[in-house]
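Q: Pasting the sequence and the predicted coordinates here, then a few questions.
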Amino acid sequence: MSKNTPATWFKAAVWAALVWNLLGVIAFAMHMMMTPEMIGRLPLDQQAAYSNVPIWSTIAFAIAVLGSTLGCLFLLTKNALATPTFALSLGAILLQQYYNFVVINSIELLGASAVFMPVFVIIIAIALLYLSIKAKQQGWLQ
């Protein structure tokens, strides 16, 4: 295998990550399409959390999912812009989780089960950033 040919697992991993991130885009779209009627069906404490989401948290959510999706597309096209794009996405994820865990205390609001998915999202974001750095070091990205 030449230095510029990615390992055989690389493309499959990136395609899986792209699917994961497209699910994130769908989750963001669903979040944005929540109507007042839909919010009204939630428990009262959750209604307050959904009704008062600050714009900076919503923007962070958008940057997180769209940035990571774009990062995957950069990896598929062997573009070194993947690394800064994943770094930006990770920063946005951390900002969004600050809102979820510090500002609204989602653990108190939703219970301990509210921890799993955000932690998993952070782990995947770190893994994708690491993958892009290693891919650049291996000469797989230009």
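A: Yes, it's here. Numbers count the residues shown, from 1 in each chain.
Q: give the contact list for residue 4.
A: By Cβ atoms under 8 Å, 6 or more residues apart in numbering, the residues touching residue 4 are 139-140. In short, each C-beta sits where N, CA and C put it, glycine included.
Q: what's the answer for residue 86, then?
A: Neighbour list for residue 86: 67-68, 71, 125, 128-129, 132 [criterion: Cβ under 8 Å, 6+ apart].
Q: Narrow the residues you listed to those in helices?
A: If you go by DSSP state H, those have 67-68, 71, 125, 128-129, 132 in helices.
Q: what's the distance between residue 100 and residue 64?
A: 12 Å (Cβ to Cβ, to the nearest Å).
Q: oh, I was asking about residue 130
A: On the measure of Cβ to Cβ, residue 130 and residue 64 end up 17 Å apart.
Q: can you check residue 44 too?
A: According to Cβ to Cβ, residue 44 stands 28 Å off from residue 64.
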